[in-house]
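1. Provide a 3D model corresponding to the input given below.
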Amino acid sequence: MAIPSVSREGQEAIPGAQAAPARHAVTYRAIAIGVLCAGFMAWAGHYTRHIGHTTKTAQDHFPWEVVVCFILIAVVFNKLMERLRPQAALTRPELLVIFGMGLIASALPSYFMGHLIANIAAPYYFANAENRWAEDLHPYLPTWAVVADRTAVRWFFEGLPAGGEIPWGVWVVPFFWRLSLVGATGFFSLCAVSILRKQWVEHERLSFPLMSLPMAMVERQPEGFFPVGFMNRPIFWVGFALASFPIYWNMVGYFVPLFPQMPGNFGLLYFGRDFPPIHTWLYSVIVGVSYFVDLDVMSSILVFHLLLTLEMGVLNRLGADVGAHDWDGSSFENWQGFGALCVIVLWGLWTARGHLRNVFERAFWNTPSVDEGGEILSYRAAVFGLMGSGLFIGGWCVASGISVFATAVFLLLVVLIWLGITRMAVEGGMISTRTVQAQFVTYYLVGLTSLSPAGLAGFALTETWHHDIKTILMADLGNALRLFEGFRAERRRLLLAISLAMGVVVLGSAYYQVASSYETGAFNYGGIYGPYVQATFDTAAGHIRDPFALKREQVFWSLLGVGVTALTMGLRYALPWWPLHPLGFAAATAYPVNRIVLSIFVAWFAKLSILRTGGILLYRRAAPLFYGLMMGYFVGVGVSFVVDCIWFPGQGHSLALY
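-> Residues are numbered from 1 along each chain as shown. Just a heads-up that it's a prediction; the model follows:
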């Protein structure tokens with residue numbers, strides 16, 4: 001009796017017939033669409049921030065342009081294909097590959113590439129008699145890392161003269177070394193998350209709340225008008241309307257300035273003089289995402305944020321120097337957050353020691369009992385790739401003037417911070433996280449007087465790839481690997497998809513940002529191309545002139561973060577009922593929690609009430625409401641972007657969360 005053959009898609013073939021060739025889950029069609037999405041990111045990241053002045057893209061781990069593109073593909077395109085040619089509709093794996101490529105690409109074009117290009121061009125343009133860069137900074141800048149042609153950088157910042165041509169030749173060498181470093185950091189991040197994926201997904205079973213929406217959108221429903229199942233539920237449209245209607249209402253104000261606006265900010269709450277305020281911004285997308293975060297993590301963020309507010313107020317009253325508190329937090333919070341990250345990351349690696357031992361046994365001794373069949377990189381490739389790319393990054397830093405010892409300290413701190421932020425994204429659902437920079441910590445640990453002038457200049461160059469750390473690539477790669485869970489065995493095609501996503505967005509961003517800057521003058525963009533990059537080199541030049549002894553007592557604030565996090569972690573393991581999660585303390589110290597704490601509270605209260613009322617069944621039934629809150633916001637932002645492009649080019653309206 002003939003046994004029916006089964007294809008990869010799970011469809012039973014006709015008995016006795018020749019089996020059709022297995023269809024790949026990761027198709028070249030999906031990769032091609034993902035490349036188009038990455039190309040759009042390369043354009044949109046620069047355009048929305050510097051030219052259109054509309055809602056910025058590529059500024060967090062859940063960017064609106066990726067979701068809007070995915071909605072058009074998963075809903076509109078697939079619905080059209082179902083009507084015209086059902087067999088041409090995109091499959092679940094194809095959709096996940098497309099979203100994953102867009103997500104990976106979104107980490108790089110705006111803040112990352114903007115800082116990189118500005119850093120290359122700025123040192124010789126902004127130098128003047130007042131800042132003394134020519135005497136104090138230029139002798140220590142490696143010529144292969146910056147553009148030293150003053151005419152070329154003047155045209156870059158002020159625009160080409162009539163009949164002038166872009167001097168691409170002066171950019172070739174700096175671009176080669178800078179973009180090779182970008183490739184090394186990207187590969188390093190991929191190797192790191194490949195090594196830790198099984199620990200996070202299979203052993204610890206982290207929730208990956210940021211990926212809840214795309215994973216739900218690929219679940220098709222045979223009945224109903226929309227190919228996305230939850231969109232056929234009325235409760236979804238309730239959430240969609242709640243999130244999108246205020247945006248459309250406020251868009252009337254684009255055309256009628258005196259039209260009344262629906263507020264999203266309900267003012268500031270103060271406990272008294274010297275206490276930092278609590279913001280009351282309400283963001284529908286944060287409410288939607290936070291619904292899928294574990295209750296103990298959310299409640300811990302709320303409790304620790306309140307305690308930090310009280311702590312800073314009391315210390316201010318007592319006269320302690322906790323630093324100024326602004327929109328980005330304070331140095332006091334940053335140092336405590338750094339201490340918390342040290343505990344969380346190191347404890348996480350200790351918890352994973354069994355898994356890591358298996359990884360290294362497979363990598364060095366090819367132990368056959370260690371299963372690596374489902375990994376996007378073999379453990380040998382991941383381990384040796386991590387070592388090789390790490391050595392390249394370290395060698396780059398040393399070649400730029402930083403000592404071997406300072407480089408080692410700096411890179412260890414970078415890895416610690418990247419892993420900590422990635423953990424907060426994949427477990428805590430943090431849409432964005434900005435904490436203390438590794439350069440700053442290195443200055444305090446090593447001491448400015450121990451760093452040479454060349455080393456201080458070299459640290460200014462590192463701020464191209466470790467500056468605005470709220471969009472680090474490692475976090476997006478970690479989330480993307482969760483999307484690829486069911487078809488990681490097709491590692492070659494997935495590696496091709498990831499490489500193309502990063503390559504297209506980096507090269508596309510580099511070309512577009514340089515070309516548009518020569519066309520319109522990058523000085524007109526401000527921000528990254530103005531005060532931010534000037535501050536980077538002003539700081540370096542100031543440290544070279546006066547490597548003063550830093551107030552290292554501030555480092556001891558990190559010990560407070562270590563103690564609180566370690567105590568919370570110990571109580572959590574010793575007492576099963578202990579309600580506070582150590583990740584909550586780390587998240588509470590980081591930006592933008594101070595802006596979204598009300599949104600987290602609303603999600604926590606809603607989830608707690610739903611679980612107490614109807615248990616897990618009602619929790620699942622209510623999920624479409626929160627998908628609607630997310631999709632309604634993203635669609636509203638997309639509509640606002642189109643309106644800005646048509647009616648308000650160059651004078652757009654930002655709906656950014658922070």
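
2. how long is stretch 548-557 from one end to the other?
-> End-to-end distance for stretch 548-557, by CA to CA, to the nearest Å: 20 Å.

3. One more: stretch 252-264?
-> 16 Å.

4. how about it: buried residues?
-> The neighbour-count check on stretch 252-264 (16 or more other CB atoms under 10 Å) flags 254, 264 as buried. Where C-beta positions appear, they are placed from N, C-alpha and C, glycine not excepted.

5. hmm, who's touching that stretch?
-> When contacts are defined by CB atoms under 8 Å, 6 or more residues apart in numbering, stretch 252-264 is touched by residues 246, 249-250, 281-283, 643-644, 647-648, 653.

6. quick one: the helices in the stretch 551-658 of the chain?
-> Listed in chain order, the helices of the stretch 551-658 of the chain (DSSP state H, counting those that start in this stretch) span residues 556-574, 582-588, 593-647.

7. Now the shortest one: average pLDDT?
-> It refers to helix 582-588. Helix 582-588 comes out with an average pLDDT of 95.

8. so how far is that helix from its chain's centroid?
-> 18 Å (CA atoms, centre = their mean, to the nearest Å).

9. One more: the last one?
-> A distance of 20 Å separates the centroid of the chain from that of helix 593-647, by CA atoms, centre = their mean.

10. And for stretch 405-414?
-> Stretch 405-414 sits 22 Å away from the centroid of its parent chain (CA atoms, centre = their mean).

11. Show me which residues of that stretch are buried.
-> For stretch 405-414, using 16+ other CB under 10 Å, the buried residues are 406-407, 409-411, 413-414.

12. what's in contact with it?
-> Stretch 405-414 is contacted by residues 390, 393-394, 397-398, 402, 438-439, 441-442, 445-446, 450-451, 455, 459, 462, 466 when judged by CB under 8 Å, 6+ apart.

13. Restricted to buried residues, select those residues in PyMOL.
-> Buried subset of the contacts of stretch 405-414, written as a PyMOL selection, criterion 16+ other CB under 10 Å:
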select buried, resi 390+393+394+397+398+402+438+439+441+442+446+451+455+459+462+466
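
14. Go through the contacts of stretch 405-414 and flag which are in helices.
-> 390, 393-394, 397-398, 438-439, 441-442, 445-446, 455, 459, 462 (DSSP state H).

15. Number of residues surrounding Gly650?
-> 11 (other CB atoms under 10 Å).

16. what about it, distance to Leu36?
-> For Gly650, the distance to Leu36 equals 25 Å [CB to CB, to the nearest Å].

17. coming back round to it: dump the ones in helices among the contacts of stretch 405-414 to JSON lines, plus distance to Leu80 and pLDDT.
-> Listed next are the ones in helices among the contacts of stretch 405-414 as JSON lines, based on distance: CB to CB, whole Å; pLDDT from 0 to 100:
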{"residue": "Gly390", "distance to Leu80": "46", "pLDDT": "98"}
{"residue": "Ile393", "distance to Leu80": "45", "pLDDT": "98"}
{"residue": "Gly394", "distance to Leu80": "50", "pLDDT": "98"}
{"residue": "Cys397", "distance to Leu80": "50", "pLDDT": "98"}
{"residue": "Val398", "distance to Leu80": "55", "pLDDT": "98"}
{"residue": "Ala438", "distance to Leu80": "48", "pLDDT": "94"}
{"residue": "Gln439", "distance to Leu80": "50", "pLDDT": "94"}
{"residue": "Val441", "distance to Leu80": "52", "pLDDT": "92"}
{"residue": "Thr442", "distance to Leu80": "53", "pLDDT": "93"}
{"residue": "Leu445", "distance to Leu80": "57", "pLDDT": "89"}
{"residue": "Val446", "distance to Leu80": "59", "pLDDT": "90"}
{"residue": "Gly455", "distance to Leu80": "58", "pLDDT": "97"}
{"residue": "Phe459", "distance to Leu80": "52", "pLDDT": "97"}
{"residue": "Thr462", "distance to Leu80": "47", "pLDDT": "96"}
